Structures are given as C-alpha cells and as structure tokens.
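>>> sequence plus the predicted model coming up.
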Amino acid sequence: MALQVRSYANALVLGVAGRLDQDNCEAFRADLMVHVERSAHDGGAVILDLRGLEYISSAGLRCFLLASRQAKAQHGRIFMAALQPMVAEIFEISHFNMVFQVFPTVREALAAASSEAAAAFDLT
Amino acid sequence: MERLRSFVFDGWQRLMPRDRVSDQVVVVDIDERALAIHGQWPWPRDRVADLVSRIAKARPLVIGMDIFFPEPDRYSPAVLAARLEGKAPEIAARLKGMPSNDDMLGTALAEVPSVLGVAGLETRDARFAGPPRAPPVRFLDGAGDGLRAFPGHLRNVPEIDAGAAGHGLYSLDLEGGVARRLQLIARFDEAAVPTLAVEMIRVALQAPLTVARAPGGTIELRFGDYAVPAQSDGRAYVRYGHSDRSRFVSAAGILDGSFDVSQLEGKLVVIGFTGLGLVDLVTTPLGETVFGVENHAQTAEAILEGSFLRRIDLAPNIEAALLVAFGLGLFVLVPRSNAQRSAALLAAGIAVLLGAGALAFRYAGLLFDPVGPALGAMAVFGVMQAGSLAEAQRQRQQLREQAARMAGELDAAKRIQMGLLPDPRDIFAGERRVDVAAILEPARTVGGDFYDCFMLDDRRFFFVVADVSGKGLPASLFMASVKSILKSAALTVEGSVGAVLTRAQDEIRRENPESLFVTAMAAVLDLESGELEFANAGHEPVWSHRPRGRAERLDASGGPPLCVLDAYSYPSARRALARGEWLFALSDGATEAMNMARQFFGSERLRTSLDWLGDDPDAAAIVTRVRDDVLRFSAGAELADDLTLLAVRWNGPEGELSGR
C-alpha cells in the first residue's frame, strides 16, 4: 500500500488507498510514522485523504491511533478527510470519530490545519 | 589430466597453426610411383646411390636420410657372387671384383653434406657396441645433465656411415599416437646426438653445436645463429603447420630425369618414403596423419622460421599458483554473491585463464596449461556450492521446525483462548428466565475476539462481546487479561455498565505496552424486570427482536474502544425488554466477512438473516442461523477475522414461567 504524498504549506496530505487490514498494516504504519514524525509537529498537520480507502480493520485503526498519539506528543495534528461510506460507518461504529477530527473533504481539513495550507491548495 | 592438457595444447596448435613461410626444406619422396617403376622396396642401394648422386649434382645445402640401412645390402655384387659360387663361377668372380652397393651409397653420400640417422634403443644392439659417430657437442653449465640417455642404438652399416657428415636422431615421442614432442637431443653413452632436422641445419651451416641452460629451467640448442629451446630432458614441443604436398618431390622424377634437379640447389633435402607398403605414419597435433618424413621437414622449417614452443620447467608451479589464487578468490567471493553471479565469476575466471594461455602460445610460444587451474577452481566452486546448498537446506529445515513450533504454540494458545470461554448451556442449565447461546469461530490464527456471560447476583445477568485489536499471540494474551479485568470490574463496580467499562479501561491501560485497544459491547439484563442496560466501547451495536416485530439495531450512543482516549466515561443506555424478546451481539467478524467478490456481509444482510428466523427461535437457533448465513456468504473465502455471535432470549420472570 503506497502512500500518495502532497504538501501544502505546513500540512501534508497522504492519500491512502485500497484495504488496510492485518496483512498490510505493519508496512503502512512504518510509512505513516515517518511522515508524521517529519511533518506533524509544532502546529504542523498530517491529513489522511481516505478517498481511496475501501476498508479498514481494527488493526488499521490502531495504526491511525498510534500515529495520532505520536503527533500529539510532537504538538502536531492529524485529520481524516473524505471517508467512503463503508469506512465512515466503521468510524462511526467504533466511535473513532471521537478520536480524530473527520472532514468531508481535503479542502476543509486543510482549512482546519491553517489558512496558508488552504490557500496553497486553492492555488493548485 | 595429461590428456586434457594435451587437448588444450593441440587445440591451440589447431587454432593457430604455423604458417609455412619457408620453402627451404624439400622432401624427396620414394612414393608409389617410384616403387611402381623401380620395383619393391628395399631397392638395391646402388639405385639409392644413383638418387643421391643426381640430387647432389644440384648442390643442395644438405641431404638428410630418413631411410635406415642397418644391414648390408643383399643385392651387393659380393653377396650375389656368394650365391652364384657353385653355379656360375665366372660370373661370381666378376662380381667379386665390383664395389659393394653399400660402398657406392657411402661414396655418393660423401659427395654432398649428408646426415644419416641414429635410432635410440632401450637395449644394446650387439652390432653397434660403440657409441655412434656423432658431432662434438659442448654442454655449458651442465645443461646436458638431465638429457634422456639411450642404452643402445641402431645406425647404418659402416660403409654407408662413412659417407655421412653428420648424424641425426630419429625419435618421436608419440603420446596417444600423436607426435607432440620430439626428442631434440639424446645421449648415447658419452655421445650426444641431436635430432635429424637440427643436425641437417648444423651440417649445412658447418657450425658447432652448443647446449646451454635457458630461463625457466629449459635448455637451448645453439648452432650458428639458431637457438632452439627444449625441456631439460631434451624433448621439445613442435609447432606444426598444415601438411603440404608442395614440400614433396617424387624420387621417380629425379631418377628418370623428368624433374629439373636444379630446383634443389641450396635446399635442405630429406629423402624418405611414402609408399603405402612402407608405413611410417604419424598424427600431428593438428589432427592430420602425415608420413614420418614430413615431420622432419616440418621440424626443420620450424627451426628455420624461429617458431618454437616451450614449456618451461616453472610452468607447473605457475599453474599451481594460479590454481591456488583462483581457488582462494572463489573462496572469498562465492559466499558474498548469489549462485548466478558466482557461476559468472567462475566462467569469467576460466575464460581469462584460457585467453592468457592462448596469448602466451600465440606471442611467446609458451605452453601453459589452464585446464589444471580451471578444473581445480571448478572443483572448489562445486564444493562451495554444495556447502552453501547444505547450509541453505539446514536453514530451511530450521525455519520449518520454527514454523512447526510456532504453529504448535499458536494451536496451544488457541486452545487456551477457547478454553477461557464459558459454555452458556452449562452455566444456565437450570435457568428458565433466560436462554443463552454463543459461538466463536476463530479465524486462521489466534484472534482477539471473546465473549463472556455470568450472573452478577440472583437476577442480574451480565454479558459482553469484545474484540482486541491485532492478532496472534500478543492479541490473545491481551485478550485473556482484558477478559479477567472486565469480569472483575463487572463484579465489583456498583453502578452502570458504562461505569464498568470505564473502570476496566483504567485497569487495562496500566498494562498495555503495545497500545492495543479493545472494542466491547457489555450489557446487564435484569432477569426479573427485563430491564436491559448496555454500553458500547467502539463495538458492533447489539440487535434486538421483539416477538412479531422486526430486528432492530440498538444504536444508542457509546464511546470509542477501550484504551483509545485516556479519560473517557462510557455512558449507558437502557431498554425495557418484552417477554420473548431476544438480543443478538456480534463481532465485526460477522459484518465484515467477505465473499469472493470482496463484498462485505454487512448490516443489511445481517438484518435479513435475523428477520428470517421466525417467531420464537431459541438462542442456539439464532447463532447457528447467522453463522451459517455468514459462512455461506463467504463460501470459499477464508475467514479474515474471528466470528463471534451471542444470543440472549428473555423468557420473562420466574413467577410467570410456571405455565411454560
């Protein structure tokens, strides 16, 4: 599962696609952690663009949770954006929408990160 | 080994044969034509003398005889006279007065510089007891110490021998029928005799012969401006060119005058025969079968052209050093590269060896044997490959054993995990107010699902379905600890089910180094009042079904899984159950079961399953039905997650059940 990386001001948008489950979450977690350590600190934000994510298991949710703890420790933030209905339902049932800030679109998540990030997004 | 070496040396000779640039050497050939005209061999020697005389008139540089006359001629007049003595005394008397044929040949040979042959014998021949007449040879620095020595020899009868200016050796060392090496010089007691070709050239030059030591443990025959290399035992590899009929002149043409002998002026002439009845055939390293006389001619040509081959005495040491170096190289490099690269390395090394050998042959006339080092390196390579193969197999075996051990441990873990789960039929055997059934179908490995159910007191029934994030041993160990923490919280906390979850979360967080989390749906049912209190920590909601009603998902507000948020107080929700109403709790292994088309079972299919159960199913029928539906849906696909189902039907308070 390759992450698609875009950068807007102090926000990093990571495109996550496919299925995130027990079988591939360790590799995903390693990738994700690298980006979070580099970008989600001192006010910086990492936005997970979940447009392409079809399914997430509890193991995948744990990756998000660990990334969020790491970001919090570095004074950074993690936002979720553009969830598919299936993933939205999983978030809802597991109440992970109480853990993460979830936005309907990447644009809205960027706006929550910083106005500069939103402006950078609008320019492209 | 020796054969392979010969094969390589012959190969180079074939690839790079000597070009014939000199026509200095001519073979006068007693061939089939000459035999047809002048009768069978041996000819009377006066005819041979006639042949020599006719050639001598042309003033060749030298005549070499590749023909041997060790016995007196039986056609000599004196011999004939002895046979005619009684029958024709007159003729006998006349014959006796005539010179012998052998004298005639000796006289003819004396007219021209000529070289006769000496053949080495392993035993002494009584007729030739003394050493052969041989040119004086000067040996420098003991260069002749290692020369091959023959105890005996054959030479020509004295009358003929008297006419010779020099004596040359006839000795080829045939190896497997191939003339590779020539005995260039050999000892006969005190005398030393060089090979016919050397002697012919030396006689032509009227130069003395010196043998000296040469670099690399070899020796050198020096005469005039020539220096011919040889091994210390006097043998030498001959560099061959292709067999060439233009070297030959038929003796018949000389005897009948049809060949212009003046063409032989200034040549080196070898007289020999090629008549098929007189077989003297040898095979050259070029794979050509030639008459022995051509061999002498080729040797003489090679000397005149300065085209020699030498195999220095150090060559075996150099080859051994190459073997060691190549072997060590492989020893170091093979373990650091994969099989293909090692094989390429080996092939490249062998190619370099062969190439270097060929270059040494081509430009320096040096014979090196690359086969020994190459074979040695291949052997080293083979042994190392076998070694690493054995190592790889050993590692595979270890992995297999490890996997088997792990599987064994996982099986044990799975058995322990399953053993932790209560069997509701045992617990509620005599309980009429509630009917409980549960199923846990584990996925391929140890999973993190569990359920639990027990009475808190006489009327309050507690049940929970939970799922620990992750799989395998860590998850199952964590699950065991979570299950006992939940149970103790349920039994000790006075208050709502939400408070039980909150307390459990506090306990679990203390021993959760892996940051695992747990989803849980916990509920308490008052078996007398039918009052249900439930709390959800990020888990699949519980379903309920009233008699003559439809399945209904109890989506009351809950919280995230346990251990996700540090301080979260779980709320509880309530519901008053109707008599005969049943509850169905599950893990996401049910809703997220997938079929081959990668579709999820999902909530809607679950709703349909529950609705189709009919009016008054017992708990066991509910869980069995849903499990069957899920398994049928995902037919063929492996269960990705544990599948946990728990059904609870409230039959009503004890007092109202007497009629049932």
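Received it, and whenever you're ready, just let me know what you need. Numbering: from 1, shown residues only, chains lettered A, B, ... in the order given.
>>> got the residues of chain A near chain B?
Chain A has residues A:21-22, A:55, A:57-59, A:61-62, A:65-66, A:69, A:86, A:93-96, A:98-99 near chain B, with proximity defined as Cβ under 8 Å from any Cβ of the partner chain. Quick note: C-beta positions are derived from backbone N, CA and C, even for glycine.
>>> narrow those residues to those in helices?
Using DSSP state H, the members of these that fall within helices are A:58, A:59, A:61, A:62, A:65, A:66, A:69, A:86, A:93.
>>> closest to residue B:564 out of the residues you listed?
residue A:65 (6.0 Å; Cβ to Cβ).
>>> now do the contacts for residue B:54.
By Cβ atoms under 8 Å, 6 or more residues apart in numbering or on different chains, the residues touching residue B:54 are B:254, B:255, B:261.
>>> gap between it and chain A?
The gap separating residue B:54 from chain A is 98 Å, by Cβ to the nearest Cβ, to the nearest Å.
>>> assumed that residue was part of a helix.
Yes. Under DSSP: H, G, I helix; E, B strand; the rest coil, residue B:54 falls within a helix.
>>> my guess is residue B:44 meets residue B:73, correct?
Yes. Using Cβ atoms under 8 Å, residue B:44 is in contact with residue B:73, at 6.4 Å.
>>> list residues touching both of those two?
Contact criterion Cβ under 8 Å, 6+ apart; residues shared by residue B:44 and residue B:73: residue B:101.
>>> of the two, who's got more company?
The neighbour comparison of residue B:44 against residue B:73 (other Cβ atoms under 10 Å in any protein chain shown) goes to residue B:73, with 24 against 19.
>>> where is the longest helix in chain B?
helix B:371-420.
>>> next one: the helix or strand following it to chain centre, how far?
Scanning forward in sequence from helix B:371-420 by DSSP states H and E, the next helix or strand is helix B:424-427. In terms of Cα atoms, centre = their mean, to the nearest Å, the centre of helix B:424-427 is found 67 Å from the chain centre.
>>> just stretch B:254-273 next, same as before
Worked out by Cα atoms, centre = their mean, stretch B:254-273 lies 58 Å from the chain centre.
>>> residues touching residue 68, list them.
By default, I'm working from chain A. A:78, A:99, A:100.
>>> my bad, chain B
B:117, B:119, B:154, B:156, B:170.
>>> in PyMOL, select just the buried ones from the residues you listed.
Buried residues within those, by 16 or more other Cβ atoms under 10 Å in any protein chain shown, are selected in PyMOL with:
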select buried, chain B and resi 117+119+154+156+170
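>>> out of the contacts of residue B:68, what pair is the most spread apart?
The widest separation within those, taken as Cβ to Cβ, falls between B:156 and B:170 and amounts to 11.5 Å.
>>> between those two, what contacts are shared?
Taking Cβ under 8 Å, 6+ apart as the criterion, residue B:156 and residue B:170 both touch B:68, B:117.
>>> so where's the stretch 451-600 of chain B uncertain?
Along the stretch 451-600 of chain B, segments meeting pLDDT under 70 span B:471.
>>> how about the residues of it by chain A?
Counting by Cβ under 8 Å from any Cβ, the residues of the stretch 451-600 of chain B that sit close to chain A are B:467, B:469-471, B:515-517, B:519, B:536-541, B:558-561, B:564-565, B:568, B:588, B:592, B:600.
>>> so which of the residues you listed are in strands?
Here DSSP state E is the test, and those give B:467, B:519, B:536, B:537 as lying in strands.
>>> tell me which of the ones in helices among the residues of chain A next to chain B is nearest to residue B:6?
residue A:59 (70.6 Å).
>>> for the closest one, give me its contacts.
Residue A:59 touches A:20, A:21, A:22, A:25, B:469, B:470, B:471, counting by Cβ under 8 Å, 6+ apart.
>>> before we move on, what about residue B:101?
B:44, B:45, B:46, B:49, B:73, B:75, B:76, B:77.
>>> and the residue of the stretch 351-500 of chain B found nearest chain A, how far from residue B:362?
As assessed by Cβ to the nearest Cβ, chain A sits closest to residue B:469 within the stretch 351-500 of chain B, at 4.2 Å. Look at residue B:469 and residue B:362: by Cβ to Cβ, to the nearest Å, they are 75 Å apart.
>>> quick one: which of the two has more around it?
The neighbour comparison of residue B:469 against residue B:362 (other Cβ under 10 Å) goes to residue B:469, with 28 against 12.
>>> that one contacts residue B:517, correct?
Yes. Counting by Cβ under 8 Å, residue B:517 is a contact partner of residue B:469 at 5.1 Å.
>>> identify the contacts common to those two.
In contact with both residue B:469 and residue B:517: A:58, A:61, A:62, B:561, using Cβ under 8 Å, 6+ apart.
>>> out of everything not next to it in sequence, what's closest to the first one?
Spatial nearest neighbour of residue A:58, excluding adjacent residues (Cβ to Cβ, 6 or more residues apart in numbering or on different chains): residue B:469 at 4.2 Å.
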